[in-house]
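>>> Build me a model:
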Amino acid sequence: MQFAINARDGAARCGCLMFARGTVDTPAFMPVGTHGAVKAITPEEVRASGAQIILSNTFHLMLRPGIEIICQHRGLHDFMQWQGPILTDSGGYQTFSLASMRKISEQGVAFKSPVDGDDIFLSPELAIEIQQQLDADVIMVLDECTAHTATRVQALESMQLSLRWAQRCKDAQGAHGSALFGIVQGGRYPDLRKQCAQELVETGFSGYALGGLCVGEEPSEREALLESTLQVLPADRPRYMMGVGKPQDIVKAVQCGVDMFDCVLPTRNARTGFLYTRTGLLRIRNSRYQKDTRPVDENCACYTCRHYSRAYLRHLDKCGEILGARLNTIHNLHYFQDLMRDIRQAIGDGHFAEYSREFYRMQTLDTETVA
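Model (predicted):
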């Protein structure tokens with residue numbers, strides 16, 4: 001992986017990540033394909049949305065279908081028929097989301113499988129080995145995602161464990177060509193996060209992720225943690241804010257200097273009838289759209305908005321038709337890629353501050369009133 005910054009506007013920057021499988025323009029949003037599929041749509045439709053890189057999850061693919069089956073397909077790209085770059089999460093987030101089903105030790109994490117209850121053990125070395133077998137373009141260290149409610153002592157112990165695991169991941173990587181990212185932890189304590197970032201930089205990684213955010217903290221606290229941590233990370237490496245998907249949070253993080261994002265919100269909200277527009281979320285299930293012949297967003301050029309009305313999408317949702325989830329997902333993914341494209345354009349033109357003000361002004365409008 002190579003990373004180039006093409007323009008800066010304040011702390012915000014736009015550039016590109018270059019891989020053998022293609023180039024990714026940054027700031028970039030990665031649709032989430034946890035099980036090797038972005039829910040409800042095909043890889044071709046993901047590509048048509050403008051997405052250049054996607055995310056999959058090591059832990060879940062290890063459980064189903066199993067690494068052996070994916071290796072029989074020469075890796076995850078051929079298995080799921082996505083030939084662009086792929087980033088794989090190490091399974092570290094599952095130390096947070098499956099807290100009732102796991103036990104953490106110095107050696108790694110012992111899980112009870114959420115699929116069949118079997119015992120599973122994931123070590124830093126195994127996390128790297130599996131991601132290399134998947135042939136991911138960007139791989140992540142195994143870390144412990146610290147709960148927002150952790151005390152300072154708990155956050156420090158967790159951070160130190162994640163740092164030891166990060167070193168083991170770096171040692172296990174060997175000469176493999178994938179880009180290995182370190183993950184900054186430290187809970188809600190700015191000094192711990194800065195310490196973690198400094199030690200990761202000393203170890204040396206291709207890029208750096210900010211973990212343990214958007215897990216319950218207030219937006220103002222998140223922004224302060226983000227700004228203080230980014231001061232420590234090298235400017236010539238990509239910065240990835242994990243699990244962030246609200247458009248308002250993305251714009252704010254770009255202002256601070258973040259380059260990469262991922263989240264399940266676009267696809268999850270699509271399946272529950274929440275559609276993104278330039279003025280905020282539109283809830284397609286509301287009765288006011290029963291006879292509305294307009295598209296979701298008249299300024300959107302996605303397949304859904306070019307062919308279907310709000311009334312039709314509401315009808316599909318009310319009837320539980322799978323097509324409704326598909327069309328909603330196409331629109332939401334397209335919205336996020338348009339958002340990132342507009343952000344990159346504003347940075348390149350040197351107008352990102354103005355763009356941000358207008359973006360937030362539009363988001364304060366009540367979509368259900370003005371739409």
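>>> only C-alpha atoms for contact and neighbour calcs from this point on.
Noted.
>>> So which residue is smack in the middle of this structure?
When the chain is reduced to its mean C-alpha position, the closest residue under Cα atoms, centre = their mean turns out to be residue 262, at 1.3 Å.
>>> okay, the helix or strand harbouring that residue in PDB with CA atoms only?
Assigned by DSSP states H and E, residue 262 belongs to strand 260-263. Taking Å, rounded to 0.1, in the frame of the first residue of the first chain, the C-alpha atoms of strand 260-263 are listed here in PDB:
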ATOM      1  CA  MET A 260     -11.100   6.400   6.400                       C
ATOM      2  CA  PHE A 261     -14.500   5.300   7.900                       C
ATOM      3  CA  ASP A 262     -16.700   2.300   8.100                       C
ATOM      4  CA  CYS A 263     -20.100   1.600   9.600                       C
END
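>>> Which stretches in the stretch 1-150 of the chain count as helices?
Along the stretch 1-150 of the chain, the stretches classed as helices by DSSP state H, counting those that start in this stretch are 43-48, 58-63, 67-72, 76-80, 94-97, 124-134.
>>> swap that for the stretch 251-371 of the chain, sorry
In the stretch 251-371 of the chain, the helices defined using DSSP H, counting those that start in this stretch lie at 265-271, 303-307, 310-319, 322-349, 352-363, 367-370.
>>> of those helices, which approaches residue 12 most closely?
Between residue 12 and the helices of the stretch 251-371 of the chain, the shortest separation by Cα to Cα is 6.9 Å, and it involves helix 322-349.
>>> The closest one to helix 310-319, inter-axis angle?
Using axes from the mean of the first three to the mean of the last three Cα atoms, to 10 degrees, the inter-axis angle of helix 322-349 relative to helix 310-319 is 130 degrees.
>>> hey, which helix or strand in the chain has the poorest pLDDT?
Per-element confidence for the chain was summarised using mean pLDDT, DSSP states H and E. The lowest value among helices and strands belongs to helix 367-370, with a mean of 50.
>>> Quickly note the distance from residue 266 to residue 39.
Distance of residue 266 to residue 39, computed by Cα to Cα, to the nearest Å: 10 Å.
>>> what's the answer for residue 48, then?
From residue 48 to residue 39 the distance is 15 Å (Cα to Cα).
>>> Report how many residues lie close to residue 116.
The local packing count at residue 116 equals 8, with neighbours defined by other Cα atoms under 10 Å.
>>> what about the stretch 101-250 of the chain, any weak spots by pLDDT?
For the stretch 101-250 of the chain, applying pLDDT under 70 flags no range at all.
>>> hmm, 90 instead?
Segments of the stretch 101-250 of the chain classed as low confidence (criterion: pLDDT under 90) are 101-102, 111-117, 145-148, 212-220.
>>> so residue 103 sits right up against residue 120, yeah?
No: judged on Cα atoms under 8 Å, residue 103 makes no contact with residue 120 at a distance of 10.5 Å.
>>> Look up the residues that both of the two are in contact with.
Between them, residue 103 and residue 120 have 110, 111 as joint contacts when contacts are counted by Cα atoms under 8 Å, 6 or more residues apart in numbering.
>>> the more surrounded of residue 266 and residue 39?
residue 266 (25 against 19).
>>> Distance check, residue 133 against residue 177.
According to Cα to Cα, residue 133 stands 12 Å off from residue 177.
>>> so what's the nearest residue to residue 178 once chain neighbours are set aside up against?
In space, not counting the residues next to it along the chain, residue 178 is nearest to residue 137; the distance is 4.9 Å by Cα to Cα, 6 or more residues apart in numbering. Contacts for residue 137 were tallied using Cα under 8 Å, 6+ apart; they are 1, 19, 85, 86, 87, 177, 178, 179.
>>> okay but residue 165 is in contact with residue 140, surely?
No: between residue 165 and residue 140 no contact is recorded; they are 11.2 Å apart, counting by Cα under 8 Å.
>>> Those two - which one has more neighbours?
A side-by-side neighbour count of residue 165 and residue 140, using other Cα under 10 Å, places residue 140 first with 29 against 23.
>>> is the more buried one in a bridge, and if so with what?
According to DSSP bridges, the residues that bridge with residue 140 are residue 181.
>>> on that earlier part again, dump the contacts of residue 137 into TSV; add distance to residue 297 and neighbour count as well.
Listed next are the contacts of residue 137 as TSV, based on distance: Cα to Cα, whole Å; neighbours: other Cα atoms under 10 Å:
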residue	distance to residue 297	neighbour count
1	36	16
19	34	17
85	30	22
86	30	23
87	30	24
177	42	14
178	39	19
179	38	18
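>>> so can I have JSON lines of the residues you listed showing distance to residue 204?
Written out in JSON lines, the entries for those read as follows (distance: Cα to Cα, whole Å):
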{"residue": "1", "distance to residue 204": "14"}
{"residue": "19", "distance to residue 204": "19"}
{"residue": "85", "distance to residue 204": "22"}
{"residue": "86", "distance to residue 204": "21"}
{"residue": "87", "distance to residue 204": "19"}
{"residue": "177", "distance to residue 204": "15"}
{"residue": "178", "distance to residue 204": "14"}
{"residue": "179", "distance to residue 204": "11"}
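>>> Which of those residues sits closest to residue 187?
Nearest to residue 187 out of the contacts of residue 137 is residue 87 (Cα to Cα; 23.7 Å).
>>> State the pLDDT value of that closest one.
Turning to residue 87, the model gives it a pLDDT of 98.
>>> give the contact list for it.
Applying Cα under 8 Å, 6+ apart, one finds that residue 87 lies in contact with 53, 54, 55, 56, 136, 137, 138, 139, 140.
>>> what do you get if the cut-off is 7 Å, keeping everything else the same?
Taking Cα atoms under 7 Å, 6 or more residues apart in numbering as the definition of contact, the neighbours of residue 87 are 54, 55, 56, 136, 137, 138, 139.
>>> do the same with residue 313
Neighbour list for residue 313: residue 324 [criterion: Cα under 7 Å, 6+ apart].
>>> Ok, the one 3 residues further on next?
For residue 316, the contacting residues are 323, 324, taking Cα under 7 Å, 6+ apart as the criterion.
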